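Enquirer: Kindly return the folded structure for what I paste below:
(chains A, B, C and D, ligands or ions: 6)
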Amino acid sequence: MIDRPVSSSISIGGVLLRSPLIIASGTWPHEPEYWKGPICSFVGAACTKALTLRPREGNPGIRLWETPCGLLNSIGLQNPGVDSFLRDDLPKISSGDVGIVVNVAMESEEETAEVLARLSVFEDRFLSMELNISCPNVDAGGMAWGSDPVLAARAVDLARQCWRGPLWAKLPPQCGNIAEVARAVEEAGADALVVANTWLGMAMDPVSEKPVFSRNVAGLSGPAIFPLALRLVWEVSSSVHIPVIGCGGISKTEDVISMMLAGASAVAIGTFHFSDLGCFRNIGRGLLEHLAAKGYSSPMDLIGKGKK
Amino acid sequence: MIDRPVSSSISIGGVLLRSPLIIASGTWPHEPEYWKGPICSFVGAACTKALTLRPREGNPGIRLWETPCGLLNSIGLQNPGVDSFLRDDLPKISSGDVGIVVNVAMESEEETAEVLARLSVFEDRFLSMELNISCPNVDAGGMAWGSDPVLAARAVDLARQCWRGPLWAKLPPQCGNIAEVARAVEEAGADALVVANTWLGMAMDPVSEKPVFSRNVAGLSGPAIFPLALRLVWEVSSSVHIPVIGCGGISKTEDVISMMLAGASAVAIGTFHFSDLGCFRNIGRGLLEHLAAKGYSSPMDLIGKGKK
Amino acid sequence: MCGNGPWDSLLEREVTLTKKKELTKNLFVLSFESQDPFPGIQPGQFVMLRTSLGMDPLLGRPFAVCGTGESRLELLVAVAGRGTRILCSLPERERLVLRGPLGNGFPPQPGKRVYCLAGTTGIAPFLLARQQTPKIHVHLGIPGRGWGGLATWAAERIPGLCVYSEDSSVGIGGTPLACIDQLEPLNDVVWACGPTGMLKAVQTACERRKIPCWISLETRMACGIGGCHGCVVRTVAGLRKTCTDGPVFDSREVLWND
Amino acid sequence: MCGNGPWDSLLEREVTLTKKKELTKNLFVLSFESQDPFPGIQPGQFVMLRTSLGMDPLLGRPFAVCGTGESRLELLVAVAGRGTRILCSLPERERLVLRGPLGNGFPPQPGKRVYCLAGTTGIAPFLLARQQTPKIHVHLGIPGRGWGGLATWAAERIPGLCVYSEDSSVGIGGTPLACIDQLEPLNDVVWACGPTGMLKAVQTACERRKIPCWISLETRMACGIGGCHGCVVRTVAGLRKTCTDGPVFDSREVLWND
Ligand SMILES: Cc1cc2nc3c(=O)[nH]c(=O)nc-3n(C[C@H](O)[C@H](O)[C@H](O)COP(=O)(O)OP(=O)(O)OC[C@H]3O[C@@H](n4cnc5c(N)ncnc54)[C@H](O)[C@@H]3O)c2cc1C
Ligand SMILES: Cc1cc2nc3c(=O)[nH]c(=O)nc-3n(C[C@H](O)[C@H](O)[C@H](O)COP(=O)(O)OP(=O)(O)OC[C@H]3O[C@@H](n4cnc5c(N)ncnc54)[C@H](O)[C@@H]3O)c2cc1C
Ligand SMILES: Cc1cc2nc3c(=O)[nH]c(=O)nc-3n(C[C@H](O)[C@H](O)[C@H](O)COP(=O)(O)O)c2cc1C
Ligand SMILES: Cc1cc2nc3c(=O)[nH]c(=O)nc-3n(C[C@H](O)[C@H](O)[C@H](O)COP(=O)(O)O)c2cc1C
Ligand code: FES
Ligand code: FES
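Expert: Ligands and ions are numbered 1, 2, ... in the order given. Now for the predicted structure:
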């Protein structure tokens, strides 16, 4: 075993990231101090909160509910709309040193086309565009787009026509057959898949005897779902040729290694940094140590190795 | 509000249980001392380990893997076969004071018919028969039966012909549309539904760089999955008229109340008693206190109340 | 923001529980010691506290800072549910993780008389305020004798503390709202912290008497830094985040969530 | 099995960590005190230990009992992963939950000389055995000086303890297996506890020399009481549960899982 310098950088369908750790959409402040400096030193890219054409207030009532090792959320795509994002937020987050993945919530085809047209003007500011066809917290669109191979392909096809940069599609964990959806989306021209979003869950309030959330259901994230997300990554990455980004409950170095062994090219981390801001650094350092101990020169050496 | 004595007993499609807390299949020793006395004082019934026609060794290799607030298992239906169960185990567990729910793993139609014929001789020893069409840990049969409305109906239809006592069908959490499966099973003659079994998950060993389990995937149980199981109970109980037994991750009184508010008539608890044998008593006592505080006379007052 | 703790950014750090004092059943003063000094903390600013053991409970819990010194920090924690029960059951010497200080405190009021109205643990920010500006007037409301331990302890730290109890068993009968009637719109301001019901009542009373009033809100939080959109509150300026736009708001702006 | 603890059944109980002694880096002796007395515990029997704080880690961890008195119990715990790291990081006075004693210990050997072969923490059951039958012979193997603290501590409790180290830095160079060559098939029996690799070597050596031999196995466990089927081991009599059929087995019966 020769001692080679270990690099943490990876490439996802041509997009180069300095680390395979991505900050998951909807979890990171759009404030400049969080897009640079030591807090981001092991972060390969960060996703924005989902954008829609018009500003959205999101869901009323309780939005967060802690569960064992997990978090239910019903934020519901609150965002200032694409124009306000481009005007107010983009300059702030572009001033940092973290690559930006812009997350776009699939709405109607017309609305989504319009959002992508406006984002395209700033295409060079984004590492990639993540098409969110998996939000469980809205009535129209959202998850419905990603739950069916035909609809999912249609969404990605449309996006492909309106967006020339790298295009990632973020799939919902609950669909009849995720491998089929994944293949349909690949064929429609996605450059990578994010597997997956939050899982449909629910909470009841024993005191009021009513569902906690205004929409009854909500999305479950956090360490609780890791074993479930890992299984999806294993399954999807065996069904497509484009890179897969693992997402769901990652909290430690072993989780990242596991995701990559199962076929992921990178991972996105959301909920866990709510409790531990040091997680990117701890995971990143742990990953480098693991690679060195195993004699690998890059995290890419891990991708899919667990299938052999 | 009049102070009435609170009873904890409930009825599931005519089957009377002294408490809505059931011990989930495959988690409780078939030894007499665990089927009587204080350890069972708040237990309404206990399910046996899944039975098959012939003895089964179960899966080789690692069978357990702890996850955040959860447990992956790949036991794979290890059991001594129905004859040995009837000869050696049934006398032992019948000597106690806990009602027995016999769990039967769906195999081929011929095998299952044979198992049910042999069990039928002892029909009066069982509170009910739980048909397991949801085991994720075997290749043939298992979960495949429960993932599709047509197959699920066929399995229950067959069982209905071979078993005259109460028949519960235990559904898998991952099927294209669980409400459809539930309706098909109801129509085929099931008396109650158990929603649900373990969730398909996975674990990787970063050291060996291989999947931990011999069958790659395994079943996730424990508190981690509670919010997911609750959502299924909510959905299924709105789609059928027969009682639903909630199962998945229950660990506290609030969980039982939540399941019942969402439409469950009773609950099954598995993984959590691995860490806390006092859970039945703590949950049972908490439930009685809650009912008294709310002025209810029976846990049945809670069923489906969260939907109104 | 750079240090040599376990994380370069001192936004989050490990601390040691050095002292745990039970004021009354289910109410504790927890004192923590950090390796690195804390920055200046404004009354009303808060921290998120979690154990460093397992991942359940997963999220930190928000608490207003009630005392600081150099590398020392004090919180007043009531057992409200599972998370606080666990935090309050930890023995001294346990190591925990603390994120903060977070949010914006009560705005300084040069030339005005400040009346601080607290509901039970809502006294926390005013203990810190008093440490910094001794001439504030603090009024504490408690339900009754069960909370007497809090009143006694707070009175030691805030000479002249006015205590009210709903059942008249301790101090003056009634609630701190009583004092609003005596305030002067041009010279006085109110700072309030406590349960939502009390804050709404304070808001209404101050509105009526045209007394400037700032209130510190409590909402569920996941991140505390503006990332999750979980803590929003409806205001005249639209939805605002309690963690970064608050937790202290001008009471005239707050429209609540219901 | 009935008492007045938190559960009627004393199979599971709350205990207090009364003393934590660090023998060497990542190796601790933990002493617990229970409200109710423990039943008689056989060497080789184990308990499952978990924190009573959150639900992560979810499962108890199995440890052989290394000492008891009345309502006191002692475990020797090495940090092996996440669960043991958390257990060993708890400060004294913490409350934990303990299930047991579980399983079957080493079978008494009247009229025979008992040679106990331990690999590192595998010494635990023999510390208890020695407390009960002083005339057993105990041989401890450690990798090297890093584990010296264990050897020193164990030697205080087991006068005449034979210590071996693989790198010859402590005691005799080599492993406790060396002593098997000197044993007499009719008069001597071997009890062994330690890592699986060592147990396999002991099994083979005793088989060859026809020395009766009992080994205590380590497998993953969820329940410890025979409910989950997670801890099975392949034996000549088919699959057996380590928790209830073992953890001590006649070495001739064990076929292992690979
Ligand atoms: C800015 C701020 C300052 C606070 N200062 C103090 C203080 O100084 N002393 C004190 O005792 N308490 C304070 N609280 C309230 C304290 O955060 C809650 O009592 C605590 O989070 C309850 O957690 P739990 O796990 O015990 O309750 P659970 O009900 O089990 O908690 C479940 C979830 O709901 C959240 N939650 C429940 N109740 C509240 C609440 N009232 N406010 C916010 N989140 C809640 C929890 O954080 C957790 O995520 C403050 C809250 C906020 C937002
Ligand atoms: C009957 C018996 C007696 C034991 N006696 C002792 C003792 O006296 N002193 C001591 O230090 N250790 C003893 N062990 C081993 C101890 O149980 C493990 O080191 C411990 O469970 C590791 O937990 P972890 O969370 O630190 O490791 P992790 O690897 O993070 O644990 C993950 C899971 O795997 C299980 N696991 C991992 N390693 C083992 C192992 N070697 N044996 C069983 N389960 C394992 C854990 O219990 C847990 O469920 C004994 C094991 C058994 C079965
Ligand atoms: C509070 C919150 C808000 C989220 N908002 C979005 C969003 O706007 N767009 C999106 O694609 N995913 C969103 N997600 C999903 C996360 O990006 C991620 O896919 C999911 O939480 C699973 O990963 P985790 O377990 O690491 O959090 C959100 C998750 C949370 C917890
Ligand atoms: C170790 C183990 C073995 C199980 N064996 C069976 C079984 O034989 N038959 C069955 O229907 N379910 C079996 N299950 C599933 C449980 O009965 C239950 O449905 C599931 O674990 C979810 O509930 P829980 O989270 O309360 O454990 C098993 C679960 C575990 C953890
Ligand atoms: S707590 Fe996350 S945005 Fe306020
Ligand atoms: S640990 Fe559950 S059967 Fe042995």
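Enquirer: For the stretch 51-200 of chain A, what lies in contact range of chain C?
Expert: Within the stretch 51-200 of chain A, the positions adjacent to chain C are A:57-58, A:60-66, A:68-71, A:73, A:75, A:78 by Cβ under 8 Å from any Cβ of the partner chain. For every residue, glycine as well, the C-beta is placed using N, CA and C.
Enquirer: now do 7 Å
Expert: Within the stretch 51-200 of chain A, the positions near chain C by Cβ under 7 Å from any Cβ of the partner chain are A:57-58, A:60-64, A:66, A:68-71, A:73, A:75, A:78.
Enquirer: What sits closest to residue C:77 if chain neighbours are left out?
Expert: The shortest distance from residue C:77 to any residue other than its chain neighbours is 5.2 Å, reached at residue C:28 (Cβ to Cβ, 6 or more residues apart in numbering or on different chains).
Enquirer: Now do the helix or strand hosting the one you found: which elements does it pack against?
Expert: Using DSSP states H and E, residue C:28 falls within strand C:27-34. Packing contacts for strand C:27-34, counted by 3 or more Cβ pairs under 7 Å, 6 or more residues apart in numbering or on different chains; DSSP states H and E, involve strand C:12-24, strand C:72-78.
Enquirer: What does the pLDDT read for the closest residue in space to residue A:145 that isn't next to it in sequence?
Expert: The shortest distance from residue A:145 to any non-neighbouring residue, by Cβ to Cβ, 6+ apart, is to residue A:133 (3.8 Å). Note for residue A:133: predicted pLDDT of 95.
Enquirer: what's the answer for residue A:103, then?
Expert: Model confidence at residue A:103, given as pLDDT, is 98.
Enquirer: any idea what sits nearest the residue of chain A at minimum distance from ligand 1, other than its immediate chain neighbours?
Expert: At 4.3 Å from ligand 1, residue A:66 is the closest residue in chain A, using Cβ to the nearest ligand atom. Closest residue to residue A:66 apart from its sequence neighbours, by Cβ to Cβ, 6+ apart: residue C:59 at 5.5 Å.
Enquirer: Helices along the chain, start to end?
Expert: Since you didn't name a chain, this refers to chain A. Secondary structure of chain A (DSSP state H): helices located at A:82-84, A:90-94, A:109-120, A:149-162, A:178-187, A:226-237, A:253-261, A:271-275, A:279-294.
Enquirer: Can you look at chain C instead?
Expert: C:82-89, C:124-132, C:148-157, C:196-209.
Enquirer: Among the ones you listed, show me which one is buried the most.
Expert: Comparing the helices of chain C by mean neighbour count (mean count of other Cβ atoms under 10 Å in any protein chain shown), helix C:124-132 ranks first with a mean of 24.
Enquirer: Could you give the separation of that one from the chain centroid?
Expert: Relative to its chain's centre, helix C:124-132 lies at 9 Å (Cα atoms, centre = their mean, to the nearest Å).
Enquirer: so what does it touch, helix or strand wise?
Expert: Using 3+ Cβ pairs under 7 Å, 6+ apart: helix C:124-132 touches strand C:61-69, strand C:113-119, helix C:148-157.
Enquirer: excluding its backbone neighbours, what's nearest the residue in the stretch 151-258 of chain C that ligand 3 sits nearest to?
Expert: Taking Cβ to the nearest ligand atom as the measure, the stretch 151-258 of chain C has residue C:228 as its residue closest to ligand 3, at 4.1 Å. Closest residue to residue C:228 apart from its sequence neighbours, by Cβ to Cβ, 6+ apart: residue C:222 at 4.3 Å.
Enquirer: Wait, the one you found touches residue A:64, no?
Expert: Yes - between residue C:222 and residue A:64 there is a contact under Cβ atoms under 7 Å: 5.3 Å.
Enquirer: which residue is nearest the middle of chain C?
Expert: residue C:64 (3.4 Å; Cα atoms, centre = their mean).
Enquirer: among the helices of chain A, which is nearest ligand 2?
Expert: helix A:253-261 (9.6 Å).
Enquirer: does the closest one come close to ligand 2?
Expert: No - against ligand 2, helix A:253-261 shows no contacts by Cβ under 6 Å from any ligand atom, the least distance being 9.6 Å.
Enquirer: Repeat that for stretch A:233-251.
Expert: No - for stretch A:233-251, no contact with ligand 2 is found by Cβ under 6 Å from any ligand atom; the gap never falls below 13.7 Å.
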